[in-house]
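Have a look at this fold, sequence not included:
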């Protein structure tokens, strides 16, 4: 994990993404917050600086140095983008009281319960429930003022959510978006409000309407346009 986080951090800095990100949203599971801070956080923390660290040294027995909260975007923990809930102990979070000393500069204010009341030891969350939770999370994203947001979440949660949102796309796009994420994989996506386009209502919970027909890639659409022109 150390090499994956360090490698992604290097990519984010060299590509210029680090300077564009306005907000980092992270699932409140220990491994996710460690990844978020490692990739998008500041440099190594030095005692005596004016701001609290994003992560203290060796948080969660990570073996990592403390990370500064200076010269980086704010971090917000959000319960809605957690991994598939239930049964697996690795998907159960610790109490917020336990997290705060480990991640002093992460904002936990949106999490209502100190203890994890969502995870159940004997019941695995249904796939449909994960999808609905993901759609709720995307609806909430539209309420944010920030335009460039980094979301650090989990493979299962992202798979079920994005697979649903891509069902009405061209098969090539649908297959690409619906792939499972690898560890520390970064994908860039653009959310577009298409409420002013088209007249067909979507069968999914998009913020607006979608154009009629398949959502074709530009090169395919151009080819189709040429073929139609030739027929005429």
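Ah, there it is. Every value quoted in this text rests on a predicted model; they were computed, and no experiment measured them.

If you count neighbours, what's buried in stretch 182-196?
Buried residues in stretch 182-196, counted by 16 or more other C-beta atoms under 10 Å: residue 184. The C-beta positions use only the backbone N, C-alpha and C, and glycine is treated the same way.

so what's residue 46 up against?
Listed by C-beta atoms under 8 Å, 6 or more residues apart in numbering, the contact partners of residue 46 are residue 68.

From residue 81, how far out is it?
Using C-beta to C-beta, to the nearest Å, residue 46 is found at 31 Å from residue 81.

Assign a three-state SS to the residue nearest to residue 151 when sequence neighbours are not counted, would you?
Distances taken as C-beta to C-beta, 6 or more residues apart in numbering place residue 25 nearest to residue 151, at 4.9 Å, with adjacent residues excluded. Three-state assignment for residue 25 (DSSP: H, G, I helix; E, B strand; the rest coil): strand.

before we move on, what about residue 120?
Residue 120 falls in the coil class when you classify it by three-state DSSP.

what are the ranges of the helices in this protein?
Using DSSP state H, the helices of the chain run over 2-15, 17-20, 30-40, 96-99, 127-141, 155-165, 171-177, 218-231.

The last one - what's its average pLDDT?
Okay, so that is helix 218-231. If you average the pLDDT over helix 218-231, you get 46.

can you pull the contacts of the closest residue to residue 11 other than its chain neighbours?
Of all residues not flanking residue 11 in the chain, residue 186 sits nearest, at 7.1 Å (C-beta to C-beta, 6+ apart). By C-beta under 8 Å, 6+ apart, the contact list for residue 186 reads 8, 11-12.

care to break this protein down by domain?
For the chain, whose domains are defined here by automatic domain parsing, the residue ranges read 2-191, 192-232.

Out of those domains, which is the most enclosed?
Per residue and on average, the most neighbours among those fall to domain 2-191, with a mean of 16 (mean count of other C-beta atoms under 10 Å).

Need the residue closest to the centroid of the chain.
By C-alpha atoms, centre = their mean, the chain has its centre lying nearest to residue 151, at 2.8 Å.

residue contacts, that one?
Contacts for residue 151 (C-beta under 8 Å, 6+ apart) come out as 24-26, 81.

just checking, residue 93 touches residue 119?
Yes. Between residue 93 and residue 119 a contact is recorded at 7.3 Å, counting by C-beta atoms under 8 Å.

gap between the residue nearest to residue 11 and residue 62?
20 Å.

quick one: contacts for residue 26?
Contact partners of residue 26, counting by C-beta under 8 Å, 6+ apart, are 32-33, 35-36, 75-78, 81, 106, 151-153.

so what's it bridging to?
Judged by DSSP bridges, the bridge partners of residue 26 are residue 77, residue 152.

re the thing from before, out of the contacts of residue 186, which is nearest to residue 102?
Nearest to residue 102, judged by C-beta to C-beta, of those is residue 8 at 21.1 Å.

Run a quick check on the closest one versus residue 187, I expect a contact.
No. Using C-beta under 8 Å, residue 8 makes no contact with residue 187, being 11.7 Å away.

so where's the protein shaky on pLDDT?
By pLDDT under 70, the weakly predicted segments of the chain are 1-3, 47-48, 193-232.

cutoff 50 now
The chain contains residues with pLDDT under 50 at 1-2, 196, 199, 202-218, 221-222, 224-232.

ok so, going back, report the separation between the residue nearest to the centre of the chain and residue 165.
For residue 151, the distance to residue 165 - C-beta to C-beta - is 14 Å.

give the contact list for the closest residue to residue 72 other than its chain neighbours.
Of all residues not flanking residue 72 in the chain, residue 42 sits nearest, at 4.4 Å (C-beta to C-beta, 6+ apart). Residues near residue 42 by C-beta under 8 Å, 6+ apart: 54, 67-72.
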